[in-house]
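Enquirer: generate coordinates for the sequence data below:
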Amino acid sequence: MDDEYAKLIRRVNQPRVVIDNNACGDATVIQVDSINKHGILLEVIQVLTDMNLTITKANISSDGGWFMNVFNVVDSDGNKIRDKEVIDYIQRRIETSAGFVPSRRGSVGVMPSEEHTSIELAGTDRPGLLSEVCAVLADLQCNVVNAEIWTHNARAAAVVHVTDDSTGCAITDPKRLSTIKKLLCNVLKGSDDLKTAKTVLSAPGVMHRERRLHQIMFADRDYEKVERAGVRAVEEGSSRPQITLLNIEKDYTVITMSSKDRPKLLFDIVCTLTDMQYVVFHGMVHTGEMEAYQEFYIRHVDGLPISSEAERVRVIKCLEAAIERRASEGLALELCTEDRLGLLSDITRIFRENSLCIKRALISTKGGKAKDTFYVTDVTGNPVDPKIIDSIRKQIGLTALRVKHNSGLAPKPPHQETTMGYFFGNLFKARTFQNFKLIRSYS
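Expert: Got it, this is the predicted structure:
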């Protein structure tokens, strides 16, 4: 009965969205008011990031059963949103997205839908892994229509959408799906897998690809350090996210973060907090030219702040992983050519034969064209020799494969001193609370 009443209240109190281009000189301001429920912050941010909008500033408040957020956003070119059709679409999407896609947390496997078959993979990362996966799919007459692959801390995760090459539709035959799972699982296990590879049949449904990747990586515990011989370790220090946790008596845990800014950073952080069953009650986000600062006042869904050292360490590790998973490490190569069965297998085989390691990849097809982006390093995690890239481009085609940018050579953001509680001014400065003995520091 209580659940039905809650649903009724949500239907009556649909989100109210106000989009204003006059309130700020360099960004479009989006204000969202709604009845509060767990996950609503992620829903709104997901709508904005799915439209490739960049959130430059945000004020978050969801105490007292009501959700009130203000986002400053710009488009991919750094401009305000001027197109009325786009503005109307944003408003409709936010107002109607309250019941967003089920998370399907904890299931990894092969999922058929009407248009394609979704394959979710997790295993130990190694050079040539994506090439082996693509070779199996091509041999089984599976055409990859789109995919996203992440690697982090010696683990790899992928969400791959495939169709039957003969029909162009989803693969629904149970025996064939079983064969796909079995062969892919064999590839993922390899000869020295540190953990169990995962390719398990899942129930049909709909999912958000990037959120699933976070969930797969989180379930695979990629936030735990793994030392591997011959592989360059992640640099410690100012280049890594700086995360500090403080407790304000029994009310909130305050998380303050500074990291290199990039697209979808806020989505990745809020996604992880939501999946860890934490609620953001207050927050502020501010981005500079190269660095992002974020501060969140959180509690667990049971109403309590973080209460143990072990959980504090776990939250910091999970947030570091959330920030680092999508970081574009290495040289970005963009492929644009006619799509065909086995194209991805051929391209990744050439990369493997030239000792390139794919750190992240985004695969897409539209109108018979393949447009793929690969972030690559050498097998030790260092920059690739330009001569090797030239050789690969000649082999694949100079017009088909282009160097997009080299994120590994991007300048590091200047070091800036930050003060805990920066966003909420003197009232929330850690030093002030420490003087009143209200905060126990976890830093």
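Enquirer: when you work out contacts or count neighbours from here on, use the C-alpha atoms and nothing else.
Expert: Will do.
Enquirer: give the buried residues for stretch 305-324.
Expert: 305-306, 312, 315-324 (16 or more other Cα atoms under 10 Å).
Enquirer: would you mind writing the CA trace of it as CSV?
Expert: Extracted in CSV, the C-alpha atoms of stretch 305-324 (Å, rounded to 0.1, in the frame of the first residue of the first chain):
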residue,chain,number,x,y,z
PRO,A,305,27.0,8.6,7.4
ILE,A,306,30.1,6.5,6.8
SER,A,307,31.0,5.1,10.2
SER,A,308,34.1,2.8,9.7
GLU,A,309,37.6,3.2,8.4
ALA,A,310,37.2,0.2,6.1
GLU,A,311,34.1,1.8,4.4
ARG,A,312,35.9,5.1,4.1
VAL,A,313,38.8,3.5,2.3
ARG,A,314,36.4,1.5,0.1
VAL,A,315,34.4,4.7,-0.9
ILE,A,316,37.6,6.5,-1.8
LYS,A,317,38.9,3.6,-3.9
CYS,A,318,35.6,3.3,-5.7
LEU,A,319,35.4,7.0,-6.5
GLU,A,320,39.0,7.0,-7.8
ALA,A,321,38.1,4.0,-10.0
ALA,A,322,34.9,5.8,-11.3
ILE,A,323,36.9,8.8,-12.3
GLU,A,324,39.8,6.8,-13.9
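Enquirer: so where do the strands sit in the stretch 51-200 of the chain?
Expert: Along the stretch 51-200 of the chain, counting by DSSP state E, counting those that start in this stretch, strands occupy 54-61, 66-74, 110-112, 117-124, 142-152, 155-164.
Enquirer: quick one: the helices in the chain?
Expert: Using DSSP state H, the helices of the chain run over 2-12, 40-50, 84-96, 129-139, 174-189, 209-219, 265-275, 309-325, 343-353, 386-396, 430-435.
Enquirer: I'd like the ones you listed written out as TSV, with distance to residue 161 and mean pLDDT added.
Expert: Listed next are these as TSV, based on distance: least, Cα to Cα, whole Å; pLDDT from 0 to 100:
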stretch	distance to residue 161	mean pLDDT
helix 2-12	33	52
helix 40-50	18	92
helix 84-96	24	91
helix 129-139	11	96
helix 174-189	13	91
helix 209-219	10	93
helix 265-275	22	96
helix 309-325	20	96
helix 343-353	13	97
helix 386-396	24	96
helix 430-435	47	36
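Enquirer: out of the ones you listed, which comes closest to residue 334?
Expert: For residue 334, the closest of the helices of the chain is helix 386-396, at 10.6 Å, according to Cα to Cα.
Enquirer: got the angle for that closest one vs helix 343-353?
Expert: 150 degrees (axes from the mean of the first three to the mean of the last three Cα atoms, to 10 degrees).
Enquirer: so which of the strands of the stretch 51-200 of the chain is the most surrounded?
Expert: strand 117-124 (a mean of 26; mean count of other Cα atoms under 10 Å).
Enquirer: for this structure, which element, helix or strand, carries the lowest mean pLDDT?
Expert: Least confident helix or strand, the chain: helix 430-435 with a mean of 36, by mean pLDDT, DSSP states H and E.
Enquirer: how about residue 275, nearest residue that isn't a chain neighbour?
Expert: Nearest non-adjacent residue to residue 275, counting by Cα to Cα, 6 or more residues apart in numbering: residue 215, 7.4 Å away.
Enquirer: give me the neighbour count for the one you found.
Expert: 23 (other Cα atoms under 10 Å).
Enquirer: what sits against residue 321?
Expert: Neighbouring residues of residue 321 by Cα atoms under 8 Å, 6 or more residues apart in numbering: 152, 222, 223.
Enquirer: ok, it to residue 382 distance?
Expert: Between residue 321 and residue 382 the distance is 20 Å, computed by Cα to Cα, to the nearest Å.
Enquirer: ok, now residue 327?
Expert: Remark: distance between residue 327 and residue 382 (Cα to Cα) = 15 Å.
Enquirer: these two - which one has more neighbours?
Expert: Legend: neighbour count by other Cα under 10 Å for residue 327 and residue 382, higher for residue 327 (21 against 16).
Enquirer: let me know the pLDDT of the more buried one.
Expert: With respect to pLDDT, residue 327 has a value of 82.
Enquirer: distance check, the residue lying closest to it once chain neighbours are set aside against residue 134.
Expert: Using Cα to Cα, 6+ apart and skipping residues adjacent in sequence, the residue nearest residue 327 is residue 262, 7.9 Å away. According to Cα to Cα, residue 262 stands 29 Å off from residue 134.
Enquirer: higher neighbour count, these two?
Expert: Each of residue 262 and residue 134 has its neighbours counted (other Cα under 10 Å); residue 134 has more, 23 against 16.
Enquirer: related to what we said a few turns ago, weakest of the strands of the stretch 51-200 of the chain by average pLDDT?
Expert: strand 110-112 (a mean of 56).
Enquirer: check contacts around residue 97.
Expert: Counting by Cα under 8 Å, 6+ apart, residue 97 makes contact with 43, 44, 47.
Enquirer: how close does the last one sit to residue 373?
Expert: By that I understand residue 47. As defined by Cα to Cα, residue 47 lies at a distance of 23 Å from residue 373.
Enquirer: between those two, which has more neighbouring residues?
Expert: Between residue 47 and residue 373, counted using other Cα under 10 Å, the more crowded position is residue 373 (21 against 18).
Enquirer: partner residues bridging the nearest residue to that one once chain neighbours are set aside?
Expert: Counting by Cα to Cα, 6+ apart, residue 373 lies nearest to residue 334, which is 4.5 Å off, once chain neighbours are set aside. For residue 334, the beta-bridge partners under DSSP bridges are residue 373, residue 402.
Enquirer: swap in residue 146?
Expert: The partner list for residue 146 in beta bridges (DSSP bridges) reads residue 161, residue 364.
Enquirer: what does stretch 53-67 contact?
Expert: 27, 32-37, 48, 68-76, 78, 263-264, 266, 280-287.
Enquirer: one step back: Throw the buried residues of stretch 305-324 into a markdown table and include distance to residue 272, thanks.
Expert: Listed next are the buried residues of stretch 305-324 as a markdown table, based on distance: Cα to Cα, whole Å:
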| residue | distance to residue 272 |
| --- | --- |
| 305 | 16 |
| 306 | 15 |
| 312 | 14 |
| 315 | 9 |
| 316 | 11 |
| 317 | 11 |
| 318 | 7 |
| 319 | 7 |
| 320 | 10 |
| 321 | 9 |
| 322 | 7 |
| 323 | 10 |
| 324 | 12 |
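Enquirer: quick one: which of the residues you listed is nearest residue 118?
Expert: Distance to residue 118, by Cα to Cα, is smallest for residue 322 among the buried residues of stretch 305-324, at 22.7 Å.
Enquirer: dump the residue contacts of that closest one.
Expert: Residue 322 makes contact with 214, 268, 269, 272 under the criterion Cα under 8 Å, 6+ apart.
Enquirer: thinking the second one is in contact with residue 323, fair?
Expert: Yes. In this structure residue 268 lies within contact range of residue 323 using Cα atoms under 8 Å: 6.5 Å.
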